[in-house]
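>>> My questions concern the predicted model and sequence given below.
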Amino acid sequence: ATPTALLVGTGRGAQLGILIRGPEVLESTRRVDTVVLDKTGTVTTGVMSLVDVVAAPGEEVDDVRRLAAAVEAASGHPVARAVVAGSAAPLPPVTDFTSLEGLGVEGVVEGRAVVVGRPRLLAERGVDLPAALLAAVEAAEAAGRTAVVAAWDGRARGVLVVADTVKDGAAEAVASLRGLGLRPMLLTGDHARAARAVADEVGIEAGPDGAGVVAEVLPAEKLAAVRRLQQQGHVVAMVGDGVNDAAALAQADLGIALGTGTDVAIQAADLTLVRGDLRLAADAVRLSRRTLATIR
Ligand code: ADP
Ligand code: MG
């Protein structure tokens, strides 16, 4: 390959809003056959809103909202931002805060040990969900929403339901990727039904083995999911925005970060899509094919 053509390609990329780490990246871009898309913040806007708060029998909705928001105020996660935005300030301070990546958060508020997170996290802590809360979680998930449970002092006190929206252009991006002969997949830490709802909206089918959508993966498992595809012989591009995507972006044959994402993701990636527009991922593949075609 002549460096000149590759440099012209990277320059053209910059004009399009695709920042390419080095000219050699165009070569791996050309070979990609599978594109793994993170859900939250990549396919969806990641700007979630709090749409419902359900209290367990004997609990107050306002307490659930306030104590959950107080702990979430220390987290930057999209779920956390929705819970905080949906609560009236000022919030009581939190101490002993811990973020459990891909699971939830915990901390002490007003002398209570509060945990907010996935139902799975609460189950791991030995906290049972009363029937009313379980029904609220299931109803929210069936509607494609994300439900987190708030518990304190060892008891589940309520459920907070948040909703996300698919980005403009996401369905078009998926169609373009497929048009280029690539297989799009969705990868998320969220539950399977929320993943399915988003996949349906953007046109990602479950494969014959249901492999088009991989849900409920912990951040460390995202990397393993990419590696598994590579072991099956695929050349994998991973598109992500979060801290929890960084390891998978580095593992992928081509890591694509969104410019709207976290610095850790951008540093781990080979390409950055400056406007956070997924359609640029397809443009990048097209650009690399065209650039390399002029060389060969
Ligand atoms: P994604 O892969 O879609 O970007 P994450 O791995 O960041 O999702 O999170 C997976 C799930 O963990 C979320 O859907 C949510 O249920 C839960 N979770 C993560 N962070 C928090 C938080 N700060 N508060 C409550 N729940 C959280
Ligand atoms: Mg994300």
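Yep, that arrived. Residues are numbered from 1 along each chain as shown. Ligands and ions are numbered 1, 2, ... in the order given.
>>> CA atoms for contacts and neighbours, from now on please.
Noted.
>>> does S176 count as helix, strand or coil?
Reduced to three states with DSSP: H, G, I helix; E, B strand; the rest coil, the structure at S176 is helix.
>>> Once you drop chain neighbours, what's closest to it?
Of all residues not flanking S176 in the chain, A282 sits nearest, at 6.1 Å (C-alpha to C-alpha, 6 or more residues apart in numbering).
>>> you'd agree that neighbour is up against G179?
No: if you go by C-alpha atoms under 8 Å, A282 and G179 don't touch, sitting 9.2 Å apart.
>>> Need the residues that contact the helix or strand Q230 falls within.
Q230 belongs to helix 219-231 when assigned by DSSP states H and E. Outside helix 219-231, the residues that touch it by C-alpha atoms under 8 Å, 6 or more residues apart in numbering are 36, 101-102, 187-189, 235-236, 238, 244-245, 247-249, 251-252.
>>> now with 6 Å?
N244, A247, A248 (C-alpha atoms under 6 Å, 6 or more residues apart in numbering).
>>> Tell me how many other residues surround the first one.
The criterion is other C-alpha atoms under 10 Å. On that basis, N244 has 23 neighbouring residues.
>>> how near is it to ligand 1?
For N244, the distance to ligand 1 equals 6 Å [C-alpha to the nearest ligand atom, to the nearest Å].
>>> Kindly report the same for the second one.
From A247 over to ligand 1 the distance is 12 Å, taken as C-alpha to the nearest ligand atom.
>>> can I assume that residue sits in a strand?
No: judged by three-state DSSP, A247 forms no part of a strand; its state is helix.
>>> For ligand 2, what's its nearest residue on the stretch 101-250 of the chain.
G242 (4.6 Å; C-alpha to the ion).
>>> Within the sheet, what are the partner strands of the longest strand anywhere in the chain, with directions?
Longest strand in the chain, counting residues (DSSP state E): strand 155-163. The sheet places strand 155-163 alongside strand 49-55 (antiparallel), strand 146-152 (antiparallel), with pairing taken from DSSP bridges.
>>> Find the closest residue to ligand 2 in the chain.
Counting by C-alpha to the ion, the chain gets nearest ligand 2 through T40, at 4.0 Å.
>>> That residue: what secondary structure?
Classification of T40 using three-state DSSP returns helix.
>>> repeat for T291
Using three-state DSSP, the three-state assignment for T291 comes out as helix.
>>> what's the neighbour count on it?
21.
>>> got a pLDDT number for it?
T291 is assigned 82 on the pLDDT scale.
>>> Contacts (any at all) between ligand 1 and stretch 101-121?
Yes: with C-alpha under 6 Å from any ligand atom as the criterion, ligand 1 is reached by stretch 101-121 at G102, L103, G104, V105, V116, G117, R118.
>>> ok, now which ones touch the residue nearest the centre of the chain?
In the chain, the centroid-proximal residue (C-alpha atoms, centre = their mean) is T40; its distance is 3.1 Å. Counting by C-alpha under 6 Å, 6+ apart, T40 touches G46.
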